[in-house]
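Novice: Take a look and give me a structure for this.
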Amino acid sequence: MKITVLSLLLVLLVSAELAAGSSGISLKDAILALSGGDVPPDVRTIVTEIRATRAVSALLAGLAVSVCGLVMQTLFRNPLAGPYVLGVDSGASLGAALFMLGAPVLSSGAGAFFADAGLAGSAWTGALLSMLLVAFASRRLKDIMTVLILGMMFGAGVDAVVQILQFLGDRSSLRSYVMWTMGSLGTVSSGQLPFLAAAVCAGLLLAAVSAKPLNLLLLGEEYAETMGLNARRTRYVIYASAVLLAGTVTAFCGPIGFLGLVSPHMARAISGTADHRRLLPYTAAVGGILMLSCDLASRLCSLPVNVMTSLAGVPAVIWIVLKNRR
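Specialist: Modelled structure (predicted):
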């Protein structure tokens, strides 16, 4: 019943995304444009090329970042883990910065597909390296706060490198990169959307396949191995899922803060379960709802979407810390 309510709320928010805008296009005309009905060509272009693309991008970003946060919290057994907190987003941002600022000729001179693939590949590489660094630290250091501090320090070091690239970059690439760091769902084009959707769906599939192993990891890695779980292979699958989800969204939509940390906790509170077979769809639905809501708010306020996710995420993080203070 609860997942049905969340699904209906998702549909309502997607409908609101299609109807929201300065062009005064009604929801009825938007649906007609998407279904091939009789509407003016300019209306069809606005709906299909701009509004629908943005709505789908927001939905995919919400699903990806929230599920990534859930698998990271379970893997590291840390309620404050997430792609933004542990520096995975920072690693992906560094990879994207190296491609956008360090290789402007390559990123602008290549074809559209190769430019998108290069941007995504650079973000995946950066996310993977940061994920492996945090995983290495978490296996050597059992203290949760120490791992969190290391993740934040890694993020600060990456930000310093990015600032050097910004200082050395040319004006046009610098402007596009600064706008990208603020988070933007409107910059995803209809040509990039299939690439984004394919990578996110692949990451979600890997997370769904790992649902039962994630349940075993909740009981501890040693106990999970006595139950027949191949812990090393499971970690590799989860790493691949997190890299695809966090890296792809960061590459095309910019770094999305706090959503991956907050959504799993809200999903646990709503669903009342820790079983990942049920928790994964709840987390994905909550993430999609939060991302669509923040995007609608950012459009109404004419602010970057990352500003809205941070404003909504900070009090939620304080609530999580107080709830887990024991």
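
Novice: And the helices in the stretch 101-250 of the chain?
Specialist: Under the criterion DSSP state H, counting those that start in this stretch, the stretch 101-250 of the chain carries helices at the ranges 104-109, 112-140, 144-168, 171-181, 193-209, 211-217, 221-226, 231-253.

Novice: Could you export those helices as TSV, including distance to Gly288, mean pLDDT and mean neighbour count?
Specialist: To be clear about C-beta, it is placed using only N, CA and C from the backbone, and glycine gets the same treatment. Compiled in TSV, the helices of the stretch 101-250 of the chain are given as follows (distance: least, C-beta to C-beta, whole Å; pLDDT from 0 to 100; neighbours: other C-beta atoms under 10 Å):
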stretch	distance to Gly288	mean pLDDT	mean neighbour count
helix 104-109	30	49	14
helix 112-140	21	76	19
helix 144-168	25	72	15
helix 171-181	22	69	15
helix 193-209	11	91	18
helix 211-217	18	88	19
helix 221-226	30	78	14
helix 231-253	12	85	24
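
Novice: how about those in JSON lines, adding distance to Thr187?
Specialist: Supplementary listing: the helices of the stretch 101-250 of the chain in JSON lines, determined by distance: least, C-beta to C-beta, whole Å:
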{"stretch": "helix 104-109", "distance to Thr187": "14"}
{"stretch": "helix 112-140", "distance to Thr187": "12"}
{"stretch": "helix 144-168", "distance to Thr187": "18"}
{"stretch": "helix 171-181", "distance to Thr187": "7"}
{"stretch": "helix 193-209", "distance to Thr187": "11"}
{"stretch": "helix 211-217", "distance to Thr187": "33"}
{"stretch": "helix 221-226", "distance to Thr187": "40"}
{"stretch": "helix 231-253", "distance to Thr187": "8"}
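
Novice: for these, which one sits closest to Val14?
Specialist: Counting by C-beta to C-beta, Val14 lies closest to helix 193-209 out of those; the figure is 14.4 Å.

Novice: What is that closest one packed up against?
Specialist: helix 52-76, helix 112-140, helix 231-253, helix 276-301 (3 or more C-beta pairs under 8 Å, 6 or more residues apart in numbering; DSSP states H and E).

Novice: Reformat those as JSON lines; add distance to Ile46.
Specialist: Putting the helices and strands packed on helix 193-209 into JSON lines (distance: least, C-beta to C-beta, whole Å) gives the following:
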{"stretch": "helix 52-76", "distance to Ile46": "9"}
{"stretch": "helix 112-140", "distance to Ile46": "21"}
{"stretch": "helix 231-253", "distance to Ile46": "20"}
{"stretch": "helix 276-301", "distance to Ile46": "14"}
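
Novice: Nearest to Leu10, out of those helices?
Specialist: Judging these by C-beta to C-beta, what sits closest to Leu10 is helix 276-301, at 5.4 Å.

Novice: Quick one: work out the angle between the following helix or strand past that closest one and helix 231-253.
Specialist: Proceeding N to C from helix 276-301, the next assigned helix or strand is helix 305-323, under DSSP states H and E. In terms of direction (axes from the mean of the first three to the mean of the last three C-alpha atoms, to 10 degrees), helix 305-323 departs from helix 231-253 by 140 degrees.

Novice: ok, and for helix 305-323, which residues are buried?
Specialist: Within helix 305-323, the residues that qualify as buried are 305-313, 316-317, 320, counting by 16 or more other C-beta atoms under 10 Å.

Novice: pLDDT at the residue nearest the centre of the chain, what is it?
Specialist: Against the mean C-alpha coordinate of the chain, by C-alpha atoms, centre = their mean, the closest residue is Val65 at 2.8 Å. Looking at Val65, its pLDDT reads 92.

Novice: from what I can see it touches Ser263, true?
Specialist: Yes. Taking C-beta atoms under 8 Å as the contact criterion, Val65 and Ser263 are neighbours in contact, 7.5 Å apart.

Novice: shared neighbours of those two, anything?
Specialist: Contact criterion C-beta atoms under 8 Å, 6 or more residues apart in numbering; residues bridging Val65 and Ser263 by contacting each: Gly287.

Novice: Identify whichever of the helices and strands packed on helix 193-209 lies nearest to Gly186.
Specialist: Proximity to Gly186, assessed across those by C-beta to C-beta, is greatest for helix 52-76 (5.5 Å).

Novice: name the helices or strands packed onto that closest one?
Specialist: Helix 52-76 sits against helix 2-19, helix 112-140, helix 193-209, helix 211-217, helix 231-253, helix 259-271, helix 276-301, with contacts defined as 3+ C-beta pairs under 8 Å, 6+ apart.

Novice: and if we set it to 6 Å?
Specialist: With contacts defined as 3 or more C-beta pairs under 6 Å, 6 or more residues apart in numbering; DSSP states H and E, helix 52-76 has these neighbours: helix 193-209, helix 231-253, helix 259-271, helix 276-301.

Novice: Turn these into CSV, columns for distance to Arg175.
Specialist: Formatted as CSV, those follow (distance: least, C-beta to C-beta, whole Å):
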stretch, distance to Arg175
helix 193-209, 23
helix 231-253, 18
helix 259-271, 26
helix 276-301, 19
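
Novice: of all the ones you listed, which lies closest to Phe154?
Specialist: helix 231-253 (14.3 Å).

Novice: Helix 193-209 and that closest one, what's the angle between them?
Specialist: Interaxial angle of helix 231-253 relative to helix 193-209 (the same axes, to 10 degrees): 150 degrees.
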